[in-house]
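Peer 1: Turn this into a structure:
(one chain, ligands or ions: 2)
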Amino acid sequence: MISIKSEREIELLRIAGEITGDTHNYLKPFIKPGITTKELNDLAYNYIISRGATPSFKNYDGFPGSICTSINEEVVHGIPGKRKLKNGDIIKIDIGACYKGYHGDSAWTYPVGKISGRLEKLLTQTEEALFSGLSVIKEGTRIGDIGYTISEIAKKYHLGVVKELVGHGVGSSIHEEPDVPNYGKKNTGPILKEGMVIAVEPMLNLGTADVFMEEDNWTIITADEEPSAHFEHTVLVTKDGYEILTKR
Ligand code: MG
Ligand code: MG
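Peer 2: Ligands and ions are numbered 1, 2, ... in the order given. Presented below is the predicted three-dimensional model:
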């Protein structure tokens with residue numbers, strides 16, 4: 001069952017989303033060569049707490065961090081630790097904030113210092129895939145239309161679409177129905193209705209679409225160790241479109 005949110009729930013989801021987006025804005029100036037992913041994690045933790053929320057990912061299925069930090073070929077679910085960011089890296093930061101029982105979920109890929117032209121393109125193109133996927137959302141859109149749109153952008157730029165991980169509904173759980181894959185056929189899948197809240201999150205790779213899990217049982221990396229980018233917003237479905245809840 002895909003839940004339709006009440007006005008009260010939407011209000012709480014807006015606040016959770018705003019805190020999530022603000023946490024990204026807060027972290028951005030710290031994303032520089034030399035900082036460790038643990039330091040970024042702790043900054044995010046303190047900021048989220050200062051806003052009266054809690055980090056959604058902390059202890060989720062036993063996840064040890066407050067945010068996910070995934071560098072270069074790491075696609076998602078990287079555990080914050082001692083690793084220092086280096087000039088030329090890209091880092092995916094995935095943030096969830098829970099406010100009064102409701103969640104926001106947003107990931108973004110950031111350049112560290114000066115990055116190569118091919119990485120710059122990967123970031124721009126994956127961000128374009130996110131906004132193209134969002135652009136088809138309104139009451140009546142089917143989930144397959146979103147994935148189709150994203151995968152067409154990936155095809156245009158010859159990027160690999162990660163299939164093992166997908167977007168999802170968001171509400172009083174961070175992961176709810178429906179699955180929102182980054183691939184799909186037009187006119188297939190569940191129909192979106194006003195009041196549904198979903199996270200759309202393309203993960204696109206410079207090389208193969210294949211991924212595997214590291215020995216830490218969390219970090220997902222690309223099979224060919226080529227870099228991957230990830231952009232995600234949580235949005236509310238409206239009659240004529242969508243409202244980004246995790247605005248920046
Ligand atoms: Mg998500
Ligand atoms: Mg996320």
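Peer 1: is stretch 152-165 up against ligand 2 anywhere?
Peer 2: No. If you take Cβ under 5 Å from the ion as the test, stretch 152-165 misses ligand 2, and the best it gets is 9.7 Å. Just so you know, the C-beta spots here come from the backbone N, C-alpha and C atoms, and that holds for glycine as well.
Peer 1: Rounded mean pLDDT for that stretch, please.
Peer 2: Averaged over stretch 152-165, pLDDT sits at 98.
Peer 1: Flag every buried residue along it.
Peer 2: 153-154, 159-162, 165 (16 or more other Cβ atoms under 10 Å).
Peer 1: gap between the two ends of it?
Peer 2: 18 Å (Cα to Cα, to the nearest Å).
Peer 1: So which residues make contact with the helix or strand hosting Y148?
Peer 2: Element membership for Y148 (DSSP states H and E) is helix 143-156. Identification of contacts with helix 143-156 by Cβ atoms under 8 Å, 6 or more residues apart in numbering yields 125, 128-130, 132-137, 160-161, 167, 178-190, 192, 200, 202, 204.
Peer 1: So which elements touch the top helix by length along the chain?
Peer 2: What stands out as the longest helix in the chain, according to DSSP state H, is helix 7-27. Judged by 3 or more Cβ pairs under 8 Å, 6 or more residues apart in numbering; DSSP states H and E, helix 7-27 is in contact with helix 37-50, strand 90-99, strand 102-111, strand 233-237.
Peer 1: so where's this protein uncertain?
Peer 2: Within the chain, the set of residues satisfying pLDDT under 70 is empty.
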